[in-house]
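In: here is the input, now give the coordinates:
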Amino acid sequence: MNTANLEALLTAIRAGEVSVSEGLERLSAGPVRDLGHTRLDTNRELRCGHPEVVYGASKTPEQLVDIAQALIEDHGSLLITRTTAEGAAAVCAALPQATHHKGSGCVTVGLPAEGAGEGFVLVVCAGTSDLHVAEEAAITARLMGARVESINDVGVAGLHRLLETTDKLRKARALVVVAGMEGALPSVIGGLVERPVIAVPTSVGYGASFGGVAALLGMLNSCASGISVVNIDNGFGAGYQAALINRIPSTV
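Out: Below you'll find the predicted structure:
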């Protein structure tokens, strides 16, 4: 049950439209919805402010459809990450209102329009090869109510491209910075802003990058203050964290 449904139920009980016993019966149905293959945490939005998000990899198309339909019934919105093409096609066929974001592999329902939302989260991407991770971060933050903008292809190999965006960097409440190779971009941005920087190492790079480990270690060892680091390719985790920071009332 989401916040809106709970408020509606409590209002109906107060107005006498629903009896106390019936209200208790409805509440007793949570907080877990058992689908046989999956046990959905239906009260996560009440506790954490956002419904359960589905990790699509390794789930069958049939499982994804069951989960997606249940989440839509309970919450009205949906975010599935890392779906296969087959899984995304099955969900979009079952839910015509769903959108498949092919770059990141996300499937969404209820994603606000670009430019909508509150506050300001900025997703900065070092190179075009990192865009799939950056898109996952941006979609996640948007679905959580943040106004999101993106700056792409501003890696340190052409530093002048980044410096042209300094004013925008300093206006964001939180920044997600996505980079592969040596992972230097978050350190540079961390030295330009007084905002939280969430660094995302990607698995993009040549052999000695070790599938993103080089970028991960570079970010963990950053000399710039105010940087936190998520796991390799974890755009979802970075977007989620940025959206939570964005919800904190600004004092600036």
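In: hmm, Thr83 is touching His100, no?
Out: Yes: with contact defined as CB atoms under 8 Å, Thr83 counts as touching His100 (7.5 Å). In short, each C-beta sits where N, CA and C put it, glycine included.
In: residues shared between the contacts of these two?
Out: Val91, Cys106, Val107 (CB atoms under 8 Å, 6 or more residues apart in numbering).
In: neighbours of the first one, how many?
Out: What it means is Val91. 25 (other CB atoms under 10 Å).
In: what do you get for the last one?
Out: By other CB under 10 Å, the residues close to Val107 number 28.
In: got a list of what the closest residue in space to Gly235 that isn't next to it in sequence touches?
Out: Counting by CB to CB, 6 or more residues apart in numbering, Glu136 is the residue found nearest to Gly235 once chain neighbours are left out, at 3.3 Å. For Glu136, the contact set (CB under 8 Å, 6+ apart) comprises Thr81, Ser104, Gly105, Cys106, Gly235, Phe236, Gly239.
In: could you point out which element follows the helix or strand where Glu136 lies?
Out: Using DSSP states H and E, Glu136 maps to helix 131-143. Note on helix 131-143: by DSSP H and E, the next helix or strand toward the C-terminus is strand 146-151.
In: lowest average confidence, helix or strand, in the chain?
Out: Lowest on mean pLDDT, DSSP states H and E among the helices and strands of the chain sits helix 20-27, with a mean of 72.
In: packing partners of the next helix or strand after that helix?
Out: Going down the chain from helix 20-27, the next helix or strand is strand 32-34, by DSSP H and E. Here strand 32-34 touches strand 39-41, going by 3 or more CB pairs under 8 Å, 6 or more residues apart in numbering; DSSP states H and E.
In: give the buried residues for the strand it packs on.
Out: Leu40 (16 or more other CB atoms under 10 Å).
In: got the contact list for it?
Out: For strand 39-41, contacts defined as CB under 8 Å, 6+ apart pick out Pro31, Val32, Arg33, Asp34, Glu52, Ile67, Ala70, Leu71, Asp74.
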